[in-house]
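Trainee: Quick one, fold the following:
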Amino acid sequence: MYKGKLKRQTPFVDMAAMCSVAFVLLVFVLMTSKVRHWLPIKIEEPLQSMWSPCHIGYEYTGFILINTNHVMYSIINKEVRERTLVKMGEKYHIQFTEDEISKFGKMDIIGLPMSQLKGYINSKNQGRDFFKQTGIGTNSSNELANWIYFSRKSCREIADKDMQFSIDADKGVGYPTIENVINILGKQKIFKFDLVTTPKFTKS
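Mentor: This is a model prediction of the structure:
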């Protein structure tokens with residue numbers, strides 16, 4: 001018996017549902033990903049086998065960046081950053097203009113001694129000089145200790161909160177360098193801080 005040809009039907013796909021799923025995935029990626037800023041020094045973070053919470057997303061955090069030859073400092077909050085510069089200027093008898101303070105507020109990394117900072121802020125080649133920063137002192141001058149001290153003081157004045165700290169060090173840095181930074185924190189009774197690492201994924 002002749003049955004004839006079956007009419008071919010085009011499968012229907014609900015694009016609204018697919019778009020919803022794609023949007024949810026996009027939001028998840030944006031919320032869980034960590035934005036990586038350009039750094040003037042190369043830091044290859046050590047691996048860790050277990051995830052632990054970190055203050056990376058906390059607005060009032062100070063990052064201490066360390067590689068083999070340099071130590072630098074980053075203040076996340078713009079207002080705290082600007083007020084800290086004013087206090088450092090008073091400490092080292094360097095007067096900064098309102099324009100210089102505003103420019104400094106847009107800088108993510110503090111990577112030069114105070115004696116060179118004013119020239120760097122006003123440099124027309126700041127983009128090029130960004131990767132030539134020599135680091136800040138941690139020994140005799142110990143400018144790092146002063147940056148930490150005044151940023152904590154500024155944070156309390158502005159937000160009435162304690163500043164959190166994270167150490168982001170290259171995996172090739174020797175322990176004495178890390179110990180020196182930890183001692184600087186310890187002298188200011190900062191005994192709680194994060195060590196920034198890269199998660200290590202293993203096959204199960």
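
Trainee: Sort out which residues of stretch 99-110 are buried, please.
Mentor: Judged by neighbour count using 16 or more other CB atoms under 10 Å, the buried positions of stretch 99-110 are 100-101, 103-105, 107-110. The C-beta positions use only the backbone N, C-alpha and C, and glycine is treated the same way.

Trainee: and which of these is nearest Met88?
Mentor: Ile110 (9.1 Å; CB to CB).

Trainee: Next, work out how far apart the closest residue to that closest one other than its chain neighbours and Lys124 are.
Mentor: Distance criterion CB to CB, 6 or more residues apart in numbering; nearest residue to Ile110, sequence neighbours excluded, is Tyr73 at 4.5 Å. Distance of Tyr73 to Lys124, given as CB to CB, to the nearest Å: 24 Å.

Trainee: Tell me which of those two has more neighbours.
Mentor: For Tyr73 and Lys124, the more surrounded residue by other CB atoms under 10 Å is Tyr73, and the numbers stand at 20 against 7.

Trainee: Can you check my assumption that that one lies in a strand?
Mentor: Yes: according to DSSP: H, G, I helix; E, B strand; the rest coil, Tyr73 belongs to a strand.

Trainee: Could I get the contacting residues of it?
Mentor: Taking CB atoms under 8 Å, 6 or more residues apart in numbering, we find Tyr73 in contact with 62-65, 109-111, 136, 144, 147-148, 151.

Trainee: Repeat the analysis, applying 10 Å as the threshold.
Mentor: By CB atoms under 10 Å, 6 or more residues apart in numbering, Tyr73 lies in contact with 62-65, 84, 109-111, 135-136, 143-144, 147-148, 151, 165.
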